[in-house]
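> Any chance you can model this:
(one chain, ligands or ions: 1)
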Amino acid sequence: MARYCIGVDLGGTYIKFGLLSEDMKPSGTFQLPTPKGGAGPVIAGMVKGARKLMADHKLTKADVVGVGVGAPGPMNIKEGIIIAMPNIPGIENCPMGRLVGRKLGIPAVLENDANAAGYGEYVAGAGKDRGDMVLLTLGTGIGGGIVVDGKVVHGAHDIGAEIGHLIVEPGGEPCGCGQRGCIEAYASASNLARYAISRFERAKLLPTALRQIHERKKKIGKELDMGDVNAARKAGDALAAEVWDRGAYYLALACVSISRLLDPNLIVLVGGMTKAGDDLIRPVTEHYRRLHWILTAPKTKIVLGKLGNDAGMVGAAGVAWAAFGGK
Ligand SMILES: [Zn+2]
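Down below sits the predicted model:
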């Protein structure tokens, strides 16, 4: 009988569920809306989804080796405790791993969501069989996940791998984390779009296609995003090209620092901005090669993730295999 681990990825809007077989093949993915009302309803929602997954695939407790829960926010990994959760109110100092495990009667482990996404790409995506790997999630913020020697790197206080908060401009833009000059303040999709808008505002008369897109979207209550910036860049808009290149430059700076610190085989990019595919990888790689030291040739490859939004769920299940698989 095939054995599985269950992956659960807790987000502010949805909880995603899926199975991961012993040979690291994901299946059965689905999602449920994240219940409101704090820890109790959220845990009940996770248990309900995991039971549905087992029922849909005719699995008993004996078929499921463990459950991995990926969640945002600071946590105590060893104890399975979520300390706080910025996007989901009412979850503080919650031993989520233990509570989910106890209700299901299956051992459960907790993991930070970006670390889980990194581990997911490592076991079943772009990083499969590729050795040490670092993941960058490019969205509203910039998250990081590090896998060295097959293990997720948490740091001594479970706050390692926060790559979005590497300082790339001393004394620079303020960041939500309280530092200044973090990579996230320069290269996250939302901060780059905001930068483009600030450029229109500074030069009131700057005629650009990007500005026209921005004004058209504003009228219908929508915001300029990096998809618009890339489209305008491709249509020959100079400001859009500058904004896109600025993002690539700052991401490359982070990649060079990652290489100096860890020398991974791969840096995997995931998240909304990576929909641009090669349009993103090419300039990041070019800047990376240019900024890289001259003492050795640049060998780390910068690539796109393969699992899309499933990476966190797959990685959470992978973490459960590592914890309870007994190998
Ligand atoms: Zn920061």
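> Now do the helix or strand containing Leu136: which elements does it pack against?
Using DSSP states H and E, Leu136 sits in strand 133-138. Other helices and strands packing on strand 133-138, by 3 or more C-beta pairs under 8 Å, 6 or more residues apart in numbering; DSSP states H and E, are helix 113-124, strand 142-148, helix 238-262, strand 266-270. Placement of C-beta: from N, CA and C, glycine included.
> partners of it in the sheet?
When pairing is defined by DSSP bridges, strand 133-138 lines up against strand 142-148 (antiparallel), strand 266-270 (parallel).
> will you turn these into JSON lines that also has mean neighbour count and mean pLDDT?
What follows is these, written out as JSON lines (neighbours: other C-beta atoms under 10 Å; pLDDT from 0 to 100):
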{"stretch": "strand 142-148", "mean neighbour count": "25", "mean pLDDT": "96"}
{"stretch": "strand 266-270", "mean neighbour count": "25", "mean pLDDT": "97"}
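> can I get those in a markdown table with distance to the ion?
Below are those laid out as a markdown table (distance: least, C-beta to the ion, whole Å):
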| stretch | distance to the ion |
| --- | --- |
| strand 142-148 | 9 |
| strand 266-270 | 19 |
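> now the helices for the chain?
Taking DSSP state H to define them, one finds helices in the chain at 39-56, 96-104, 113-124, 183-187, 189-202, 209-219, 226-234, 238-262, 278-291, 311-324.
> As TSV, these with mean pLDDT and mean neighbour count would be great.
TSV is the format used below for the helices of the chain (pLDDT from 0 to 100; neighbours: other C-beta atoms under 10 Å):
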stretch	mean pLDDT	mean neighbour count
helix 39-56	96	18
helix 96-104	94	20
helix 113-124	97	29
helix 183-187	95	25
helix 189-202	89	17
helix 209-219	90	16
helix 226-234	94	21
helix 238-262	96	20
helix 278-291	98	17
helix 311-324	97	29
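> And those helices: which comes nearest the ion?
Between the ion and the helices of the chain, the tightest spacing by C-beta to the ion is seen for helix 183-187, at 5.3 Å.
> Show me what the closest one is packed up against.
Packing contacts for helix 183-187, counted by 3+ C-beta pairs under 8 Å, 6+ apart, involve strand 142-148, helix 189-202, helix 238-262.
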